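Enquirer: sequence plus the predicted model coming up.
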Amino acid sequence: MGIEQENAQRWREAMERFGVDTVRAKLAQSGAGKGADVGHIVSKPPNPSRAFVEEWLAERDKAAHKYRIRIDILALILGAIGAVAGVAALALTVWWH
C-alpha cells in the first residue's frame, strides 16, 4: 500500500471514530479552498484536504439517504398490510353478524 493510500485509510478511520457531526464541525473550522487542510482529524500530519473530507461526508450522506428510503418503503409496506388486515377484520365482523 502506497503512502497516499495509507494516509487516506488513516483519515477515514479517524473520521469514522469522530462521526459525521464532529467531522462536519471540523470542516466548518477549516479553510475555504478545496486543497485547504482540515485540522484536528488526525494527531500527526499530513491532514486531509477539504475536498477529501467533503467527499467522505458526501458518501456518508448518500448512505444515510438510502437507509432512510428503505425505512420509508418498509413503513409503507407494513402500513398497507395493516390496512388490508383492518379491512379484512371489519369485513369478517360484519359478515359474522
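Expert: Cool, got the structure.

Enquirer: distance check, A25 against I41.
Expert: For A25, the distance to I41 equals 11 Å [C-beta to C-beta, to the nearest Å]. The C-beta positions use only the backbone N, C-alpha and C, and glycine is treated the same way.

Enquirer: between those two, which has more neighbouring residues?
Expert: Each of A25 and I41 has its neighbours counted (other C-beta atoms under 10 Å); I41 has more, 23 against 11.

Enquirer: measure the more buried one to L76 for me?
Expert: Counting by C-beta to C-beta - I41 and L76 are separated by 39 Å.

Enquirer: helices of this structure, start to end?
Expert: 3-18, 20-28, 50-96 (DSSP state H).

Enquirer: nearest to K34, of these?
Expert: Across those, K34 has its closest neighbour in helix 50-96 (4.2 Å, C-beta to C-beta).

Enquirer: any low-confidence regions in the chain?
Expert: By pLDDT under 70, the low-scoring segments of the chain are 1.

Enquirer: now do the contacts for R50.
Expert: 27, 30-38 (C-beta atoms under 8 Å, 6 or more residues apart in numbering).

Enquirer: selection in ChimeraX covering whichever of those are buried, please.
Expert: Buried members of the contacts of R50, defined by 16 or more other C-beta atoms under 10 Å, are picked up in ChimeraX with:
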select :27,30,37,38
